[in-house]
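Student: Show me how the following folds:
(4 chains)
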2 protein chains.
Amino acid sequence: MTYAEAKETFISTWGSLGTLWGINKAMAQIQALLFISPNALTTEEIMQELQISRGNTSMNVRQLIDWGIVKKELKAGERKEYYSTEKDVQELARTIAKERSRREIKPVIKTLAEISSVKDDGTAHTKELIKQTKALHDLALTANSILEKTVDHKQNWISKSILRLMK
Amino acid sequence: MTYAEAKETFISTWGSLGTLWGINKAMAQIQALLFISPNALTTEEIMQELQISRGNTSMNVRQLIDWGIVKKELKAGERKEYYSTEKDVQELARTIAKERSRREIKPVIKTLAEISSVKDDGTAHTKELIKQTKALHDLALTANSILEKTVDHKQNWISKSILRLMK
DNA sequence: TTTAATTTTCAAAAATTATTGAAACTTATG
DNA sequence: CATAAGTTTCAATAATTTTTGAAAATTAAA
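Tutor: The predicted model follows:
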């Protein structure tokens, strides 16, 4: 496999994985490109490499910045903006986990709490709804708590010790 | 909140969450409906409750069956098929984790292994590609391993002991 | 200021993904 | 076997999401 092939495969694989997990392809591919690039890139370079429009690049870079995954870099004496992504995989995972928790999981937990406290009118339907949404609420709380602990844990999350504990 | 409102909110919330995570809305909503239903439902009932077509129902129920989340039930003396979903949230989480690992994570790990073993031609670009995809490969392997351990672990995954260990 | 480089916005177009519904298929029953 | 109940398939259509590109906005330098 040549460098060019490896690069293309990586960017396209990352794009597809993103799509599968509800992240748009351009956004995932921009992140992939920055992730393997030794230096920060300009809008022009991103457009060129991924063959996407200026508007698309601008919007998706902004989203990546909103997610806290990409940073703007300004070079002395240059007008253009340069973009770079978080290079440390663990920090990257932490940031993504934190954001998905904040944006998606926490709001669902709140909704589940409301739903599961619906007044019990004694019917089987209502009883089942309460039982099941309570169980889901519990699971979501615990899973989210682990996610958050993981996120705070500065060193070696996904540590060998946890793995050992689970064997 | 009345039962009807709670039910509607649950189904619609679950559908939206699914969409956000790359699962189609109808599929997520069918699962949600079965999840809070005290008894197994027929195609007709699902269509009726969710206001979706027969074809849509058929295809998405099939997908849920493929994922191992929904089971067909046959009632003695009845021609119709009844569908029910896994009711235990932990078992549900395990099944979903296992499937996403098998379908999505493992193939990516394989690709990352291939990419990261590209021949090092000494350029900065190649060196960075190798370094970064290796790191990602490592992370994915560890994360997937935890997922698998979790899945095998019959009792109390996401257990209090792990939580305690991480505090 | 004025000009020019660069980024952002957003309506329109394109691409993708989901849904419908009717025909084809399957299978249990009289 | 013939019929009817029920399920699946899939081409056409609809809905949604993404992308484009040019105009507007912003900002740095002349």
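Student: CA atoms for contacts and neighbours, from now on please.
Tutor: Noted.
Student: what residue ranges in chain A score low on pLDDT?
Tutor: The model of chain A has pLDDT under 70 over residues A:150-167.
Student: Show me where it has its helices.
Tutor: Applying DSSP state H to chain A gives helices spanning A:3-20, A:25-35, A:43-50, A:54-66, A:89-100, A:106-116, A:124-152, A:160-166.
Student: Nearest to residue B:5, out of these?
Tutor: helix A:106-116 (8.6 Å; C-alpha to C-alpha).
Student: Would you mind listing what in chain A touches DNA strand C?
Tutor: Chain A comes close to DNA strand C at residues A:19, A:42-44, A:54-56, A:58-59, A:62, A:78-82, as judged by C-alpha under 7 Å from any atom of the strand.
Student: which two in these are spaced the farthest apart?
Tutor: A:19 and A:78 (34.7 Å).
Student: out of these two, which sits in the busier spot?
Tutor: Higher neighbour count among residue A:19 and residue A:78: residue A:19, with 17 against 8, using other C-alpha atoms under 10 Å in any protein chain shown.
Student: Give me the nearest residue to the more buried one, chain neighbours excluded.
Tutor: residue A:25 (5.7 Å; C-alpha to C-alpha, 6 or more residues apart in numbering or on different chains).
Student: how about the nearest residue to the residue nearest the centre of chain A, chain neighbours excluded?
Tutor: The centroid of chain A falls nearest to residue A:96 when counting by C-alpha atoms, centre = their mean (3.3 Å). Spatially, and ignoring its direct neighbours in sequence, residue A:96 is nearest to residue A:67 (7.4 Å; C-alpha to C-alpha, 6+ apart).
Student: Can you give me the distance of the residue nearest to residue A:73 when sequence neighbours are not counted to residue A:45?
Tutor: The shortest distance from residue A:73 to any non-neighbouring residue, by C-alpha to C-alpha, 6+ apart, is to residue A:82 (4.9 Å). Relative to residue A:45, residue A:82 is positioned 10 Å away (C-alpha to C-alpha, to the nearest Å).
Student: So between these two, which is more surrounded?
Tutor: residue A:82 (18 against 12).
Student: Quick check: the more buried one touching residue A:46?
Tutor: No. Checked against C-alpha atoms under 8 Å, the pair residue A:82 and residue A:46 is beyond contact range at 10.1 Å.
Student: if you compare the helices of chain A, which one is most tucked away?
Tutor: helix A:25-35 (a mean of 22; mean count of other C-alpha atoms under 10 Å in any protein chain shown).
Student: That helix close to DNA strand D?
Tutor: Yes. Contact between helix A:25-35 and DNA strand D, assessed by C-alpha under 7 Å from any atom of the strand, occurs at A:25, A:26, A:27.
Student: Between those, which sits nearest DNA strand C?
Tutor: Taking C-alpha to the nearest atom of the strand as the measure, DNA strand C lies nearest residue A:25 of the residues of helix A:25-35 next to DNA strand D, at 8.7 Å.
Student: Could you spell out which stretches of chain A belong to which domain?
Tutor: Following automatic domain parsing, one finds the domains of chain A at A:3-85, A:89-159.
Student: Of the ones you listed, give the one that comes closest to residue B:8.
Tutor: domain A:89-159 (9.8 Å).
Student: ok, the closest one near DNA strand D or not?
Tutor: No. Domain A:89-159 stays clear of DNA strand D (C-alpha under 7 Å from any atom of the strand), getting no nearer than 14.6 Å.
Student: starting at the chain centroid, how far to that domain?
Tutor: 16 Å (C-alpha atoms, centre = their mean, to the nearest Å).
Student: about what we covered before: out of the domains of chain A, which comes closest to residue B:132?
Tutor: domain A:3-85 (6.2 Å).
Student: I'd like the distance from the closest one to the chain centre, please.
Tutor: The answer for domain A:3-85 is 14 Å, by C-alpha atoms, centre = their mean.
Student: Pretty sure residue A:44 is one of the things residue A:58 touches, is it not?
Tutor: No. Applying C-alpha under 8 Å, one finds residue A:58 not in contact with residue A:44, separated by 10.2 Å.
Student: State the phi and psi torsions of the residue lying farthest from the centre of chain A.
Tutor: In chain A, residue A:122 marks the outermost C-alpha relative to the chain mean, sitting 41.7 Å out by C-alpha atoms, centre = their mean. Main-chain torsions, residue A:122, degrees, to the nearest 10: phi 90, psi -10.
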